[in-house]
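Enquirer: Give me coordinates for this.
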Amino acid sequence: TWTAVAGPLPYALVRMTWLTPWPLGMPEGGDLEPAMRLFGLGLGFAALGGAVLTAGLVRPWGEVWPGWVPVLRGRPVPVAVPVLAGGLVATVLLVSTPGMVALAVEGIGDEDPMGWLMLLVFPTLPWGLALAAAVTGYALRRRGTCRSCGRGEPARPVGA
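Expert: Have a look, this model is predicted:
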C-alpha cells in the first residue's frame, strides 16, 4: 500500500514546480501562462489527494468516515467505494503502461533524456500493480461473512 501511496508523489512534485520560475517538464525557456501554472497546481493537488486516499486503505478513517465529513461521519465506508475507485485507477495505470514505455523508448532513441525521466515521474507499472494489490487486500480484509453460505471471516478493523 505504501508503494501505491508513493506512486503519484513524483508527478505531484513536478506539476507543482509549474508555480516556480523553473517548471520541470517544460521546454527550455518555455514561458507558462498563469492559467497553465494553476492547472499544474491543480494536477499536483489531485495527485496528492490520490496518495492520501490510497493511505486510507490501511488507516482507520478508510473504514469509518472521519468526524469532519458532514452527514457521513461515524458511518462505515461502503467497501465498494474505495474498491471500485482504486480498481479503476489501477486498471487505467496498467493499461497505459505500454504506451508510456513506448514513449520513453522513443525518447531514448531520439537521445532525449526526458524519456527515462518520464517513467520515473509517472511509474505506471509499479504504481498500478501496487495499487491493485492494496485494493485487493482492502477488499479481502473488509469482505465479511458470506450471506448465503456463512463462510469467510467477519470484517476486522485496521490494526486488529
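Enquirer: okay, CA-based contacts and neighbour counts for the rest of this
Expert: Fine.
Enquirer: Grab the nearest non-local neighbour of the residue nearest the centre of the chain.
Expert: Compute the mean C-alpha point of the chain, and by Cα atoms, centre = their mean the closest residue is Gly50, 4.4 Å away. Counting by Cα to Cα, 6 or more residues apart in numbering, Pro8 is the residue found nearest to Gly50 once chain neighbours are left out, at 7.3 Å.
Enquirer: do you know how far Val5 is from Ala47?
Expert: Per Cα to Cα, to the nearest Å, Val5 is found 10 Å from Ala47.
Enquirer: Same check on Gly87?
Expert: Distance of Gly87 to Ala47, computed by Cα to Cα: 16 Å.
Enquirer: And Gly128, by the same measure?
Expert: Between Gly128 and Ala47 the computed distance is 14 Å (Cα to Cα).
Enquirer: buried ones in the longest helix along the chain?
Expert: The helix that spans the most residues within the chain, counting by DSSP state H, is helix 80-109. Of all the residues in helix 80-109, those buried under the rule 16 or more other Cα atoms under 10 Å are 82-83, 86-87, 89-91, 93-94, 97, 100-101, 103-104, 107.
Enquirer: Next: stretch 4-24.
Expert: 4-19, 23.
Enquirer: Select the helix or strand of this protein having the lowest average pLDDT value.
Expert: When the helices and strands of the chain are compared on mean pLDDT, DSSP states H and E, helix 114-121 comes out lowest with a mean of 77.
Enquirer: What residues sit buried inside whichever helix or strand comes after it?
Expert: Next helix or strand after helix 114-121 toward the C-terminus (DSSP states H and E): helix 124-142. Of the residues in helix 124-142, those buried under the neighbour-count criterion (16+ other Cα under 10 Å) are 124-139, 141-142.
Enquirer: Tell me how far helix 124-142 lies from the chain's centre.
Expert: 10 Å (Cα atoms, centre = their mean, to the nearest Å).
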